[in-house]
Every structure is written in structure tokens, then in C-alpha cells.
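# got a predicted structure here, sequence first:
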Amino acid sequence: MKRIILVGKPNCGKSLLFNQLTGLRQKVANFPGVTVELKSGQFKEFELVDFPGTYSLHTLSKDEEIAVVKLKEAMQQENTAVVVCVLDATRMERSLVFGLQVQALAKAHDKTVVFVLNMIDEVRRYGFDIDTTQLADELGSPVFALSAKTLIGLSEFQKALPEIARQPEQYRNEQSAIAPENALIVARELSKNHGVNADVVLKKQNRIDSFMLNNVFGGVAFLFIMFFLFQSIFTWATPLMDAVEFAIGELAVWVTGFTGEGMTTDFLSDAIFGGIGSFLVFVPQIMVLTLIIGVLEDSGYLARAALICHKPLSYFGLSGRSFIPYLSGHACAIPAIMAARTIESPRKRLFTMMTIPLMSCSARLPVYALLIAVLIPADATLMGIFNLQGVAFFGLYLFGIVTALLVSFFLHKFTHQHDEKSDMPFILELPTYRLPHWKPLMYRVVNSGLAFIKRAGPVIFWVSVVIWVLGYFPQHGGLENSYLGKIGHFIEPIFEPLGLDWRYGVAILMSFLAREVFVGALGTLFGIEGADENISGLAENIQADGLALGAGIGLLLFYVVALQCVATVAVLRAETGKARIAAGLVVAYGLLAYIIALLAANLIN
Ligand SMILES: Nc1nc2c(ncn2[C@@H]2O[C@H](COP(=O)(O)OP(=O)(O)OP(=O)(O)O)[C@@H](O)[C@H]2O)c(=O)[nH]1
Ligand SMILES: [Mg+2]
């Protein structure tokens, strides 16, 4: 299949254009360095490839290095028909530097280059326009002005691109290639003659940034935004969670009404509604978390937050660029560890990757929400304003972040620093502030919930079934005397010092490979015991059973620190290139988690 590749500066809209052309849904967000791997899709009869953004052919970070190596490969391949070089029309000079380098490289390999002037909607909003014919003349390559967001000019491009890709020779650039060392000067000249007046665009941005990046106000705003983020996960999702819980409860009553008394009913109410139901309740929170992170990503604020955090993070051996992987680690560690590729310094990148598992990912959300609901009354407030459950939530997230910073600090202080490349200057292009693009955002929100159900659902289903079978038989002896009870009592000595009985031990053990199993496992366990009282209200069941405050807090902190996720371990291994590091982290964080839980259980009462 003939291939068309999409290259350009970071954050110029390649992935959004890719999505529009292929109908796929690659991640799009408003900060540089979103795409870190090549991604291909189909456009008409061609293979379309989306590249990570690059500022220049001389690379600094891992994601750019991948892009450049792959670009050079693609240039040599026979079936690469067209190189589409996407330019940010609002920042033409910077986009053109790389654009011209690519053009020269393409010329050397007899490849055809097409320029796309993306974000033309923004240019027009500022009252400018760009004469593409003139620009195409001067560049010696076709130029298309369009907006991947508002779709202006997209259909013309969709029609023209296949024509060009079918007969690329006819569109090969006629102009003598610009020597790469002149790219900077030529880019400046061209954007001065054709681009928008940068001052006008910058003025509005600067007004917002004079607040957001202000020494005092910026820091306060940052803390406020982060606090708001975590509070809202708890408070906004509550009505939705109540609705889901209500629906599951009603459904359980309705279904078991048909099955009458007996084993089928027990199975349905304990394993299905108790196990799976108690985990479904927490899906709305995962969606709210995705929504908030999505708004932050799309608004352009994240890059500012990264800038604000650079200095404090450097103190802990990290970089401002660690901020975005850290934040997205609160949704899931796996993409976050991949996102660390944008960090130029290998050492800081390693420390970031090693500490990302301490960020409270969405799989921990159900565990936190359940135990917090058990330990703290819903109407309790802090100083009469803040919902105390929300504050506890914030505290747990903060605990993860602080632990990560301390771990990184120790690594930084006590490991030897070999490579000088580690101390590169911190450069980050600040994206334009934008209103979030609501359609992809909503898609992402819904998808985060569905993806979580799809990923965790089957595991939770099987764990629930296994636990139920082991806990139900041999019959009539009660849970205590079941097979599960026997296993539980065998491992009880490990968990007893933490103030937890064997049922928690079983649930922790079951969640060793995937922590989201914990809630479902407890749901089944408590379901078997208290089936008649409360089918889906697991928190109430645990409350009625009695869980000591210290043990509960210890358990929460255990889940903050322990690395219970096979997928994360696999990605850590792949991205660090060392199995030793991945395995070491499982052991180290496991031990640390145990010690912290032990301290909490014995010191708090
Ligand atoms: N107004 C406007 N915004 C756009 C347009 N195209 C993309 N964007 C926005 O620009 C931001 C970056 O888009 P992406 O598609 O992620 O950019 P990218 O080039 O793939 O970025 P990297 O993967 O980091 O290299 C997002 O917030 C998009 O919504 C456009 O034509 N007009
Ligand atoms: Mg991208």
C-alpha cells in the first residue's frame, strides 16, 4: 500500500487532522508532545501515518528521536508517496523551520512534500488571511490552508491529497532546496511576508499568562485548580454513583424475585450484584476524573502548570516535563509512563517513570471511594466548607504525589549521575489557550468508563465467581468454614498485624495483579455473609461489620503505595529496558506499603 505521512512541529494539529482523515480517534490535546509513537490508519487507498511532533531534525527527546529515525526511514522507502508537513498557521515561523528541513530531506530522496497550514480558523479569527498561492510559489510545493477543528478547507484537501499521492512526481517541488542551515532565516522571512502578526496573537495570551504565570497568583491558582480537581472527583460524581447504585439494587431485587430462594439467587445476589455491581458503582468517578484532566489538557493550562512546577520538581530530581506524565498517571499509569518519553534528560525520565506508579490511578478510585465511605460520614465537613470525604480523597492523592517526590529525591541524591545530558535546559513551548473541543472530550469521557469496564470487568467477573464458589462450599458451615475461609485463615498472620481480618487478606491477595479486583472481591465476600441485608451497599455492610479507623487508613495507604498492576510492570520493563527495575519496584513498593499500613494500624486509633 502506498503511504502518506504526517509530520510537523508538536501541537500543530497532526493528530486531529489524522483523525479527520481516517475516522480513527488518536489522542489529541493542547500541549506539545501528545503523540509519542507512530500510528497508522487508512485514508482512501493509502496508509496514513501520524508522527510524534518534532521541532527539528536534530532531536533532544526520545519521542522526537523516534520521529526523526522513522522519518528518515520513510524517506528511503519506495512506497512513501507523499510527506504532508503540517504547519501551525498561527506560529508559522517555528513550524516552518522543521518544515523546510523536511522539504530539503524529501528533495534529496525524491519525495513529494505538501504543506498544510492548519488552524486557519484561528488566523481568521484574528482578522488575518494567508495567500496560499503566493506561499506555494515561494515554497515550491502545494500549500493547503485548513482547519482540522472547524473543517474549513478540509474537503478540498481530502480531494486533492489522493490525486497528489497517485502521481507524486507531478507535484515534486521545483524550487532549489533550501540548505538546512538557512532554514531559520528563510522561515523567518517567509512568515514575515505571509504569516500573521505574532504580536496580536501573543497579546491576548500574555494577558492571561500574566496571571497564570505570576509568581504569587500563579502558584495559588495552581494549588486551587489541583484541589478543585480532586474535590470534584468526589462531589460531582456522587449523584451519578447514587443513581448507578440505586439501579443495580433495583435490578437485583427484580431479578432475584424471579429466581426465588436457593443457590441461583445466592449466586446472583452475591457474586453478580455484590461483586460486579459494587465495582460498577465507581465508574462515574472515573469519567469525572477523565473529564477534568481532559479540560485541563485541552485548555492549554497544563503546559503552564509544567512551567510553574519546573523549579520545585527540579529539586526532587525531576523536570517540569514530569508534570504532565504525573498528572495523566492519575488516570492510568500506562500512557503516563509512555508520555515520559518527552522528557529530554534520560535520568529525569527514568525517575519519572519509576515514580509514576505512585500516582493514584483510576483503578484505585473504587478502593478509595469505598473505604472513605466506610470511615467518614458523607455529611462531615472540614471547617464547615469542604466535604470531608473530598478532603480525604485529596489527602490520598497528595500522599501518593509526596511519596513519589521523596522516592525520586532519594534516587536523585543517592545514585550516581553519569551522563551530562541530564542537565539540559528546560524549554517548553506554551500552547495557545483554547476552549476545549467538547466532542472528542465527551467521547473520551464515555470511553474511559467503557474501557475500564471492558478491561476490568472480565477479571472481576471471574474473581467474583471463584471467590463465591470457594466461599459458598462446603455448604452450611458459613463463610468462616468454607474453603475460602480455610485459605483465608492460612494467610491471616500476614494481615493480622495490619488490623485486618482474613477477608481483607483474601481481597488484597486477589488484587495483586490488578487492584480494581479488590472492591469486587470484598463485595462477593460480604455479600455471602450478609446477602439479605444489603445487596449492593457494600460500604454499609463493611461499616456494620466494623473496621478500625487505623486499619482502614492503613489499608488505604497500602493501596496508594503498592504496585499491584501487571500491565504497569510490563510497560515499565519495556520503557526502561530493564526487567530488574520493574521487578525491584514491585518488591520495594510492596514492602513500603506494608510498613506504612503497619504504622497506621498501630499508631492511629
Ligand atoms: N482552533 C484550532 N485548533 C486546532 C486545530 N487543529 C488542532 N487543534 C487543536 O490543537 C491542539 C493540538 O492538536 P493535536 O492534533 O494533538 O496536535 P499534534 O500535532 O498531534 O501534537 P503532538 O502529538 O504533540 O505532536 C488540540 O488542542 C487541538 O484541538 C485547528 O485547525 N484549529
Ligand atoms: Mg499528535
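Cool, got the structure. Ligands and ions are numbered 1, 2, ... in the order given.

# hey, where'd the strands end up in the stretch 251-400 of the chain?
Shown for the stretch 251-400 of the chain, the strands assigned by DSSP state E, counting those that start in this stretch span residues 381-382, 386-387.

# so what's the residue in the stretch 451-600 of the chain that ligand 1 sits nearest to closest to, chain neighbours aside?
Nearest to ligand 1 in the stretch 451-600 of the chain, going by C-beta to the nearest ligand atom, is Glu575, at a distance of 17.9 Å. For every residue, glycine as well, the C-beta is placed using N, CA and C. Distances taken as C-beta to C-beta, 6 or more residues apart in numbering place Ile337 nearest to Glu575, at 5.4 Å, with adjacent residues excluded.

# so what pLDDT did the one you found get?
We have a pLDDT of 93 for Ile337.

# can you check Gly505 too?
91.

# what does the one 4 residues further on give?
According to the predicted model, the pLDDT of Leu509 comes to 86.

# what's around it, how many residues?
Leu509: 16 surrounding residues under other C-beta atoms under 10 Å.

# setting aside sequence neighbours, what's the nearest residue to it?
Closest to Leu509 by C-beta to C-beta, 6+ apart is Ile491, at 6.5 Å.

# contacts only, for the one you found.
Neighbouring residues of Ile491 by C-beta atoms under 8 Å, 6 or more residues apart in numbering: 502, 505-506, 509.

# then the host helix or strand of it to CSV, C-alphas only?
Assigned by DSSP states H and E, Ile491 belongs to helix 483-495. The C-alpha coordinates for helix 483-495 follow below in CSV (Å, rounded to 0.1, in the frame of the first residue of the first chain):
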residue,chain,number,x,y,z
TYR,A,483,-12.7,-23.5,51.5
LEU,A,484,-12.1,-19.8,51.2
GLY,A,485,-12.2,-19.4,55.0
LYS,A,486,-9.5,-22.0,55.3
ILE,A,487,-7.3,-20.3,52.8
GLY,A,488,-8.0,-17.0,54.5
HIS,A,489,-7.0,-18.2,57.9
PHE,A,490,-3.8,-19.7,56.5
ILE,A,491,-2.7,-16.2,55.2
GLU,A,492,-4.2,-14.3,58.1
PRO,A,493,-0.9,-14.0,60.0
ILE,A,494,0.4,-11.7,57.2
PHE,A,495,-2.5,-9.3,57.6
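
# tell me which residues in stretch 311-330 are buried?
313-314, 316-330 (16 or more other C-beta atoms under 10 Å).

# farthest pair within the contacts of Ile491?
With C-beta to C-beta as the measure, no two of the contacts of Ile491 lie farther apart than Trp502 and Leu509, at 10.0 Å.

# in helices, which of the contacts of Ile491 appear?
Among the contacts of Ile491, DSSP state H puts 502, 505-506, 509 in helices.

# looking at these, which is nearest ligand 2?
Of all the ones in helices among the contacts of Ile491, ligand 2 sits closest to Leu509, with 40.6 Å by C-beta to the ion.

# if I look at the residue in the stretch 251-400 of the chain that ligand 1 sits nearest to, how far off is ligand 2?
At 5.2 Å from ligand 1, Asp298 is the closest residue in the stretch 251-400 of the chain, using C-beta to the nearest ligand atom. Going from Asp298 to ligand 2 by C-beta to the ion, to the nearest Å gives 13 Å.

# is it correct that Val295 is in contact with Pro436?
Yes. At 5.2 Å, Val295 counts as touching Pro436 under the criterion of C-beta atoms under 8 Å.

# where does the residue nearest to Ile272 when sequence neighbours are not counted land in three-state SS?
Once flanking residues are discounted, Ile272 sits nearest to Ser464: 7.3 Å by C-beta to C-beta, 6+ apart. Put simply, Ser464 is helix when judged by DSSP: H, G, I helix; E, B strand; the rest coil.

# then the one 5 residues further on?
The assignment at Val469 comes out as helix when based on three-state DSSP.

# mind checking the pLDDT average for the helix holding Ile491?
For helix 483-495, the mean confidence score works out to 89.

# that one vs helix 502-510, what angle?
Inter-element angle recorded for helix 483-495 and helix 502-510: 90 degrees (by axes from the mean of the first three to the mean of the last three C-alpha atoms, to 10 degrees).

# secondary structure element for Gly550?
With DSSP H and E as the criterion, Gly550 is inside helix 549-561.

# dump the residue contacts of the nearest residue to Tyr504 once chain neighbours are set aside.
Nearest residue to Tyr504, sequence neighbours excluded (C-beta to C-beta, 6+ apart): Phe495, at 6.1 Å. Taking C-beta under 8 Å, 6+ apart, we find Phe495 in contact with 501-502, 504-505, 508.

# turn the residues you listed into TSV, including distance to Arg341.
Output for those, formatted as TSV (distance: C-beta to C-beta, whole Å):
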residue	distance to Arg341
Asp501	44
Trp502	43
Tyr504	38
Gly505	39
Ile508	33
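
# can you put those in TSV and add neighbour count and distance to ligand 2?
Compiled in TSV, those are given as follows (neighbours: other C-beta atoms under 10 Å; distance: C-beta to the ion, whole Å):
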residue	neighbour count	distance to ligand 2
Asp501	16	49
Trp502	23	49
Tyr504	24	43
Gly505	21	45
Ile508	25	39
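
# relative to Ser511, how far out is the closest residue to Ala252 other than its chain neighbours?
Spatially, and ignoring its direct neighbours in sequence, Ala252 is nearest to Phe273 (4.0 Å; C-beta to C-beta, 6+ apart). Note on Phe273: its distance to Ser511, by C-beta to C-beta, to the nearest Å, is 20 Å.

# count of neighbours near Lys192?
Counted with other C-beta under 10 Å, Lys192 comes out at 12.

# find the nearest non-adjacent residue to it, please.
That would be Glu93: by C-beta to C-beta, 6+ apart, it lies 8.0 Å from Lys192.

# what residues are up against that neighbour?
Neighbours of Glu93 in contact, by C-beta under 8 Å, 6+ apart: 187-188, 190-192, 195, 198.
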